[in-house]
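**Student:** I need the structure of the sequence given here:
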Amino acid sequence: MPGTVVTFYSFKGGVGRSFALSNIAVLLARWGYRVLTIDWDLEAPGLPAYFAPLMASPPSTGIIDLVDDFAASAQKPSAAYITELELDEPGVVHLLAAGGQQDDDYARRVQSIDWAALYSQGFADALELCRADWTEAYDFVLIDSRTGFADIASICTAHLPDHLVVLFTANDQSVGGAVNVVRRADKARDRMPYDRPQLTVLPVLSRFDSRVEYERAETWYRTCTDMTAPLFRNWLVRNVEPSLMLRHLTLPYVSYWSFGEQLPVLAERTPSANQIAYALETIAAMVAHRLDRSDLLADNRDAFVTAARGQARDYPVDILVSTPRSTLEPATALVRELRALGVRAESSLSGDVDFLANAQDSARHLCLVIDGQVSRWQTAEAEWFLRRTLAADADRRLFPVLTKATNPVRLPGFLRNLRHLELTPGHGTRPVAARLHAELAGSGSIPPVSTSQVYVDAAASLERTRKTLLPYTGWHTVERIVRAMENSTRDGNADRMRELITELEITTDHTTHRIDNGRVAIPGNVAALATAVLSRLGWRIRK
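**Tutor:** Residues are numbered from 1 along each chain as shown. Presented below is the predicted three-dimensional model:
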């Protein structure tokens with residue numbers, strides 16, 4: 001499959017366009033993709049500054065040399081202008097810079113370019129040949145475009161890309177200008193003699209700070225959604241609201257990363273939701289999916305990102321058995337029995353920081369040995385695993401194994417609704433190992449949770465949610481989950497309901513009865529929706 005060309009554009013400067021592109025390039029390389037970055041902002045090139053730590057020396061050639069060579073009829077292979085970056089990732093990132101910045105004559109050369117004359121000499125066809133070379137050699141070609149209405153912007157927004165990532169900040173000039181340029185690019189694209197599909201546009205709200213001024217932030221979210229709504233029409237799944245998607249496509253303002261040219265994705269390898277690399281991962285995954293599967297992003301952001309990393313993963317460990325110290329001996333025996341059956345099994349103490357910090361995710365399945373109650377560490381491990389598994393295409397499972405001291409009814413909802421095994425006193429670990437082996441081999445069967453119990457658990461989860469305090473923006477996620485629960489209740493889809501209970505429990509866990517700054521009670525509209533779903537669930541339970 002040929003590579004995809006994606007242009008990053010902003011109507012105004014200072015929105016973090018080059019910052020986003022360079023970090024997303026590194027993320028795509030981490031996920032195994034071959035990436036070419038092109039700095040086409042000739043007047044103010046920025047990519048070399050971000051990539052400086054990854055280059056042995058500054059670029060000595062680039063776009064300006066490609067243009068001059070074309071004008072002099074001395075064209076070289078497009079690879080001759082490319083600089084390789086030294087990046088310790090499975091994929092690669094290469095840079096086609098604007099030119100050699102150490103060239104004292106660079107500014108004059110840029111100002112002397114007559115783009116209209118170049119196009120009359122056939123430069124468009126030369127670019128087509130370059131584009132063909134780039135898309136054959138790379139999975140993704142990311143172009144950093146000039147701002148405004150310049151000729152270069154037209155090349156980058158209309159001629160070259162398959163997709164356009166438009167970054168803007170929360171002000172009328174930035175949003176309106178970006179939407180206007182997209183409209184101009186569509187018209188210019190229609191006049192081109194090349195066969196291109198309709199341009200798809202990814203709107204990204206950048207440098208957005210919603211941590212203090214909640215009400216003003218919500219007002220600007222609505223404004224930005226209204227202004228950019230036309231940009232979603234030709235790619236967003238119909239049942240996904242643009243307002244929800246724009247929240248996923250928001251790069252927050254983080255003051256720590258606002259100084260200098262930095263690559264936070266190198267430091268934040270396993271980011272939490274409040275870190276900038278988390279938001280960058282979401283945008284990178286959207287690029288990797290080529291603006292597809294927006295329904296999965298709406299349902300489960302972490303599964304969406306996991307799916308972008310590639311489906312054919314090779315896990316060195318079949319199953320990781322995580323245990324508290326109280327059950328270390330039987331857990332060790334369980335690992336020994338599994339290995340005797342040919343299963344690649346490893347053990348880990350619950351609370352092992354390395355488990356949560358392991359960005360490579362080395363085990364396909366997780367076995368959680370629970371003794372009496374689920375510790376906060378085990379909850380974190382289960383959430384970590386499920387967030388990377390739920391609704392994704394990968395065949396991965398979480399197996400709770402309970403001791404005699406554990407009451408299944410008292411497990412958190414997202415574990416209670418999973419099939420579980422029991423360590424029976426006097427029988428050792430061999431029966432559990434045999435059943436796990438059968439499950440992993442696809443030949444075993446553990447009785448599933450009854451359908452009626454699923455609806456009972458859903459009602460209990462909703463009741464707990466109504467007593468929960470969450471950050472204001474977190475209630476938007478809860479509302480989306482509860483609406484999906486309403487649909488699953490109406491359709492009688494118990495399997496989907498199990499997934500939604502898990503997601504709701506993960507979203508609201510550990511927040512009940514907290515009175516922290518920034519946390520609010522359930523809004524009226526969400527409370528009314530939850531009440532309506534509880535009424536439907538009551539009917540399902542009595543049925």
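**Student:** May I ask which helix or strand of this protein has the lowest mean pLDDT?
**Tutor:** Lowest mean confidence among the helices and strands of the chain (mean pLDDT, DSSP states H and E): helix 353-357, at a mean of 48.
**Student:** wait, doesn't Trp377 sit right on Ile370?
**Tutor:** No. At 11.5 Å, Trp377 and Ile370 do not qualify as touching, with contact defined as Cβ atoms under 8 Å. No exception for glycine: its C-beta is placed from N, CA and C like everyone else's.
**Student:** Which one of these two is surrounded by more residues?
**Tutor:** Ile370 (25 against 17; other Cβ atoms under 10 Å).
**Student:** Give me the below-cutoff pLDDT ranges for this protein.
**Tutor:** 1, 150-153, 212, 310-314, 351-361, 387-394, 442-450, 509-518, 543 (pLDDT under 70).
**Student:** Secondary structure element holding Ile522?
**Tutor:** Counting by DSSP states H and E, no helix or strand carries Ile522.
**Student:** Wait, it touches Thr465, no?
**Tutor:** Yes. If you go by Cβ under 8 Å, Ile522 and Thr465 touch, sitting 7.1 Å apart.
**Student:** List the buried residues of stretch 64-78.
**Tutor:** Across stretch 64-78, burial judged by 16 or more other Cβ atoms under 10 Å covers Ile64, Asp65, Leu66, Val67, Asp69, Phe70, Ala71, Ser78.
**Student:** who's in contact with the helix or strand where the fourth one lies?
**Tutor:** The one in question is Val67. In the assignment (DSSP H and E), Val67 maps to helix 63-71. With Cβ atoms under 8 Å, 6 or more residues apart in numbering as the test, helix 63-71 has contacts from 38-40, 42, 75-76, 78, 81, 96-100, 106, 109-110, 113, 118, 121, 123, 126, 130.
**Student:** ditto for stretch 75-90
**Tutor:** 26, 29-32, 36, 51, 54-56, 59, 61-63, 65-66, 69, 92-97, 126, 129-130, 133-134, 137.
**Student:** Now restrict the residues you listed to buried residues only.
**Tutor:** Among these, those classed as buried by neighbour count (16+ other Cβ under 10 Å) are 26, 29-32, 36, 51, 54-55, 59, 61-63, 65-66, 69, 92-97, 126, 130, 134, 137.
**Student:** In strands, which of those appear?
**Tutor:** The subset of those located in strands under the criterion DSSP state E comprises Leu36, Val92, Val93, His94, Leu95, Leu96.
**Student:** Thr219: neighbouring residues, count only.
**Tutor:** For Thr219, using other Cβ under 10 Å, the count is 12.
**Student:** Against Thr473, how distant is it?
**Tutor:** Look at Thr219 and Thr473: by Cβ to Cβ, to the nearest Å, they are 14 Å apart.
**Student:** again, but for Gly428
**Tutor:** Going from Gly428 to Thr473 by Cβ to Cβ gives 49 Å.
**Student:** got it, and Val265?
**Tutor:** Distance of Val265 to Thr473, computed by Cβ to Cβ: 23 Å.
**Student:** Over to Leu199?
**Tutor:** 31 Å.
**Student:** How about Ala49?
**Tutor:** According to Cβ to Cβ, Ala49 and Thr473 sit 32 Å apart.
**Student:** end to end, how far does stretch 203-218 reach?
**Tutor:** Start and end residues of stretch 203-218 are separated by 17 Å (Cα to Cα, to the nearest Å).
**Student:** buried set for it?
**Tutor:** For stretch 203-218, by 16+ other Cβ under 10 Å, it's Pro203, Val204, Leu205, Ser206, Arg207, Phe208, Ser210, Ala217.
**Student:** Looking at these, which are in helices?
**Tutor:** Among those, the ones falling in helices (DSSP state H) are Ala217.
**Student:** Check the buried residues of stretch 203-218 against Asn487 and report the nearest one.
**Tutor:** Checking these against Asn487 by Cβ to Cβ gives Pro203 as the nearest, at 26.9 Å.
**Student:** where's the closest one relative to Met55, distance?
**Tutor:** For Pro203 relative to Met55 (Cβ to Cβ), the value is 31 Å.
**Student:** And for Gln101?
**Tutor:** Taking Cβ to Cβ, one finds Gln101 at 12 Å from Met55.
**Student:** isn't Leu296 right next to Ala303, touching?
**Tutor:** Yes. The criterion here is Cβ under 8 Å, and Leu296 meets it with Ala303 at 6.2 Å.
**Student:** would you list every one of the strands in the stretch 301-450 of the chain?
**Tutor:** Ranges of strands within the stretch 301-450 of the chain are 317-323, 345-349, 363-370, 398-402, 421-422, based on DSSP state E, counting those that start in this stretch.
**Student:** Let's have those in JSON lines, adding distance to Pro408.
**Tutor:** As requested, these are exported to JSON lines (distance: least, Cβ to Cβ, whole Å):
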{"stretch": "strand 317-323", "distance to Pro408": "18"}
{"stretch": "strand 345-349", "distance to Pro408": "23"}
{"stretch": "strand 363-370", "distance to Pro408": "9"}
{"stretch": "strand 398-402", "distance to Pro408": "6"}
{"stretch": "strand 421-422", "distance to Pro408": "9"}
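**Student:** Between the ones you listed, which one is closest to Met227.
**Tutor:** Short answer: strand 398-402, nearest of the strands of the stretch 301-450 of the chain by Cβ to Cβ, at 42.2 Å.
**Student:** okay, the angle between that closest one and strand 317-323?
**Tutor:** Relative orientation of strand 398-402 versus strand 317-323 (axes from the mean of the first three to the mean of the last three Cα atoms, to 10 degrees): 40 degrees.
**Student:** Give me the neighbour count for Ala117.
**Tutor:** Neighbour number of Ala117 under other Cβ under 10 Å is 10.
**Student:** I'd guess it is in a helix, am I close?
**Tutor:** Yes. Under DSSP: H, G, I helix; E, B strand; the rest coil, Ala117 falls within a helix.
**Student:** For Cys224, grab the count of nearby residues.
**Tutor:** 24.
**Student:** Contacts only, for Ala279.
**Tutor:** Thr250, Leu251, Pro252.
**Student:** Let's see that with 10 Å instead.
**Tutor:** 20, 23, 204, 206, 208, 248-252, 254, 271, 273 (Cβ atoms under 10 Å, 6 or more residues apart in numbering).
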